[in-house]
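# what follows is a predicted structure for the sequence shown.
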Amino acid sequence: MKPESKRYSTTVGTRTVTFETGKLAFQAGGAVTVGIDDAIIFAAATMGEAREGTDFFPLSVEYEERLYAGGKIPGSFFRREGKPSTEAILTARLTDRPLRPLFAHGMRNEVQVMMFSLSSDGVNPLDILAINAASAAIMISDIPWGGPVGAVRVGRIGGKFVINPTFQEMEQSDLDLRLAGTRDAILMVECGADEIPEDVMVAALEFGHRAIQPLIDLQLQMAAEIGKPKREAVFALAPEEINRRVFERVSGPMNELLDKPLAKAEFYSGMEAILQAVLAEMVTGEEGAPTEKDVRAAFTEAESAVVRERILSLGKRPDGRMPTQIRPIWCEVNLSPRAHGSGLFTRGETQVLTLATLGTLGEAQELDNLTPIETKRYMHHYNFPPFSTGEVKPLRGQSRREVGHGALAERALEPVIPSEESFPYTLRLVSEVLSSNGSTSMASVCGSTLALMDAGVPIKAPVAGVAMGLITDETGRYQILTDIQGTEDHLGDMDFKVAGTARGITALQMDIKISGISAQMMREALEQARVARLSILDKMLEVMPAPRPELKPHAPRILTVKIPVDKIGALIGPGGKNIRALQEETGTKIDIQEDGTVYIASTDGVGAETARLRIEALGETAEVGRIYTGKVVRVESFGAFVEILPGVDGMVHVSQLDSERVNRVEDVCSVGDELTVMVTDIDPNGKIRLSRQAVLEGWTAEEARANDKGRSGSGGKPNGGRDDRRSSDRGGHRGGGRDDRRGGNDRRR
């Protein structure tokens, strides 16, 4: 029997969001589809048993982008989806972050949330739907959880906030804010913005939080009507008595250790020494003695309690800084003599080197996904090698964290990247984390700004970033921390990354470990971050006050030429023959746009100028009486064919090759030679008659025609009595009479 399907709908902003369950995946713990119009996401949530010896919560959140949802076949060799795309990884991370804090501390059961695209209309983004689908699937499942969460995207068009804008609307928006939260507080923020002021950002966050309330209500209704009873979960928590004993034993030594400023290595080695002493004392193996697992868990709780209390009551951080104090900063540029730009940013024990590469527009990344965006000319990649934390680990490709941090830095800098029209380059930045002790993603933003300016990229404004932290307790006390290090990130309640220019915010990312933070906390954190950002910018500008006025010597120079659209085929040539030959001859890279704009890239100014002159000549037409220097492209017994303009050639009769009698054409020229000739005639069919003798004798076109023996002897046929259609039809036509747009570097998109 066909199962009964339940549908629930609500209005979010001006859009109707529909949840459906009961029809699909009925063996999963919970399964739903969530859609707006023809954009639909499927999500299933299932809980397994606890794995023996697991000392963490094994939650996995996966999103798979199925291209059939948009009626597309994957472009890979195998014609099926391979490893997750960058967009799919970012959607999975975006969904994981608001779900994770709402699972109970110490839970050890395996929980898996899987999502995939079911239908994509190319109008509505799918990422926000994925968060809501995952939340609803858990809510109606048998998994114990502290949700639900709702999620929306907030745009700003013409100064007005818009909830869940379409792709087309986002093109006019100066804000792309994605947030998720519970009834009372915001849990997750991911944002790109075009230098938005802090007060506007706070208003957008409050606007978005109000907008998620109908989604919260609907999921609570679903759980009440069709939700499964919640299962008992397995928890790994030390007994309260052991927590008390360990805290009493270690709080004194910990406070003594923390009374002096500590570097990262000193902090961890000091804490490890205290732990080993406690293990030796308490884990005796005797009957009734605590286990090593329980003592370690209790020690972690004690460490967190001591560090947090010192920050809340004394305002003292593990490295001795005050809450608003930034670690020492120093910067350098031009570290790589061959890279197009390089910037080194060091803040405390965090160090990132970013290197910039400039390429042609034809080197832009081609995207194969469900968004309407087909190419990307600005890319930022982030690498986090194990030596940056003093560890040894196998290299297994880029992690989800590395993808996410690279995307955040890319988003932070995107608003200041010059437009394609003013700076026709593809840009790739690679941030290499050389040392890590907190906030490497924001160090990547700073290093990337320096690299861009070192490369001579005319960015609109320099961008800096800083990570903010938060410590709270049950009594309502809280302390916002500027420029958090690794320990404060690990033991604290929030990692709030803010990047921007002196004018405003360009990127935000917030992750929290508690049930949410208030708008007031958010407002204070943004203001504290603004002050820190301006201070960091001052340090950066001391080293590199502005972009270099010129590109580095090894960076390609790009010239721009405009040709008539109907000449594009002539430039490309049959099967791309002409464009390839021109690139090889001049040592350039040439990209052609659909509107006839041609970009010529080269590190050799002479080669670029030669290519420019050749391409500009495409706009010319042959004129009777004008003298041209062209290349011999073909030799026949009766004369030579000379290309006088790109794709345009004419015939020099053997009698017109020299002032003296010529017996054989090969006595004067061969294929590939250059000849200076005059156009003496163009017949109604476009066939062009040339004369070298006219140039040597100084004749006019009329005199040349009168002395053209080949012409009179051939009964007026311009090719000396032979109608050679294989070659004469080429005169005056593009690319030898064939407009083959498939060839060359034609990347008009």
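Looks like it came in fine.

# which ones are touching D673?
With C-beta atoms under 8 Å, 6 or more residues apart in numbering as the criterion, the residues that contact D673 are K631, V632. Just so you know, the C-beta spots here come from the backbone N, C-alpha and C atoms, and that holds for glycine as well.

# cool, K393 as well?
So K393 contacts P386 (C-beta under 8 Å, 6+ apart).

# element containing it, please.
Using DSSP states H and E, K393 sits within no helix or strand.

# could you pull out the helices for the stretch 251-400 of the chain?
264-282, 292-309, 400-413 (DSSP state H, counting those that start in this stretch).

# what's the mean pLDDT across the longest helix along the chain?
The single longest helix within the chain, with elements called by DSSP state H, is helix 519-543. Throughout helix 519-543, pLDDT has a mean value of 94.

# do the same with stretch 491-506
94.

# any buried residues in it, and which?
By neighbour count with 16 or more other C-beta atoms under 10 Å, stretch 491-506 contains the buried residues 491-501, 504-506.

# among those residues, which one lies nearest to A525?
Of all those, A525 sits closest to F496, with 5.4 Å by C-beta to C-beta.

# host element of the closest one?
F496 belongs to strand 494-500, assigned by DSSP H and E.

# who touches that strand?
Under C-beta under 8 Å, 6+ apart, the answer for strand 494-500 is 189, 193, 195, 408-409, 412, 439, 441-442, 445, 463-470, 484, 489, 505-514, 517, 525-526, 529-530, 533.

# can you go through those residues and name the buried ones?
189, 193, 195, 408-409, 412, 439, 441-442, 445, 463-470, 484, 489, 505-513, 517, 525-526, 529-530, 533.

# before we move on, back to that, nearest to L367, of the buried residues of stretch 491-506?
Once C-beta to C-beta is applied, the member of these that ends up nearest L367 is T506, at 22.0 Å.

# please report phi then psi for the closest one.
Backbone geometry at T506, expressed as degrees, to the nearest 10, gives phi -110, psi -20.

# and if you look at A204?
phi -70, psi -40.

# which intervals of the stretch 151-300 of the chain have sub-threshold pLDDT?
Applying pLDDT under 70 to the stretch 151-300 of the chain flags no residue at all.

# could you pull out the buried residues of stretch 389-403?
Buried residues in stretch 389-403 (16+ other C-beta under 10 Å): Q398, E402, V403.

# roughly how far apart are T46 and K228?
Look at T46 and K228: by C-beta to C-beta, to the nearest Å, they are 11 Å apart.

# out of these two, which sits in the more crowded spot?
Taking other C-beta atoms under 10 Å, T46 and K228 do not tie; T46 has more neighbours (20 against 13).

# what strand or helix carries that one?
strand 39-50.

# what's the following helix or strand after that strand?
Next element after strand 39-50 (DSSP H and E): strand 59-64.

# partner strands of that next one, with direction?
As defined by DSSP bridges, the strand partners of strand 59-64 come to strand 109-119 (parallel).

# okay, and which of the contacts of strand 494-500 map to strands?
Mapping the contacts of strand 494-500 onto strands (DSSP state E) picks out 189, 193, 195, 464-470, 505-512.

# still on that earlier bit, out of the buried residues of stretch 389-403, which is nearest to E432?
E402 (11.2 Å).

# list the buried residues for stretch 451-464?
For stretch 451-464, burial by neighbour count (16+ other C-beta under 10 Å) applies to A451, L452, M453, D454, A455, G456, V457, I459, P462, V463, A464.

# which residue ranges form the helices in the stretch 101-250 of the chain?
Using DSSP H, counting those that start in this stretch, helices in the stretch 101-250 of the chain cover 127-139, 167-170, 198-211, 213-226, 240-258.

# hang on, the earlier thing: who does the strand holding F496 pair up with?
Counting by DSSP bridges, strand 494-500 is paired with strand 464-472 (antiparallel), strand 505-512 (antiparallel).

# adding distance to Q365, write those strands out as a markdown table.
Converted to a markdown table, the strands paired with strand 494-500 look like this (distance: least, C-beta to C-beta, whole Å):
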| stretch | distance to Q365 |
| --- | --- |
| strand 464-472 | 23 |
| strand 505-512 | 20 |
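
# of the ones you listed, which is nearest T350?
Closest approach to T350 among those is made by strand 464-472 (9.6 Å; C-beta to C-beta).

# what angle do the closest one and helix 400-413 make?
120 degrees (axes from the mean of the first three to the mean of the last three C-alpha atoms, to 10 degrees).

# can I get the CA coordinates of strand 464-472 in CSV?
Extracted as CSV, the C-alpha positions of strand 464-472 are listed here (Å, rounded to 0.1, in the frame of the first residue of the first chain):
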residue,chain,number,x,y,z
ALA,A,464,41.8,42.9,7.1
GLY,A,465,40.1,40.3,9.3
VAL,A,466,40.0,39.3,12.9
ALA,A,467,38.5,36.4,14.9
MET,A,468,36.4,37.2,18.0
GLY,A,469,35.6,34.9,20.8
LEU,A,470,33.1,34.6,23.7
ILE,A,471,33.1,33.3,27.2
THR,A,472,29.8,33.0,29.1
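
# quick check: angle from it to helix 519-543?
Using the same axes, to 10 degrees, strand 464-472 lies at 150 degrees relative to helix 519-543.

# whichever strand or helix holds R705: which residues count as buried?
Assigned by DSSP H and E, R705 belongs to helix 701-706. Residues A701, A704, R705 are the ones in helix 701-706 that count as buried (16+ other C-beta under 10 Å).

# again, but for stretch 11-19
V12, G13, V17, F19.

# nearest residue to I311 other than its sequence neighbours?
With C-beta to C-beta, 6 or more residues apart in numbering as the criterion, I311 has its nearest non-adjacent residue at 4.9 Å, and that residue is I471.

# the one you found contacts Y478, doesn't it?
Yes: contact criterion C-beta atoms under 8 Å: I471 and Y478 qualify, at 6.6 Å.
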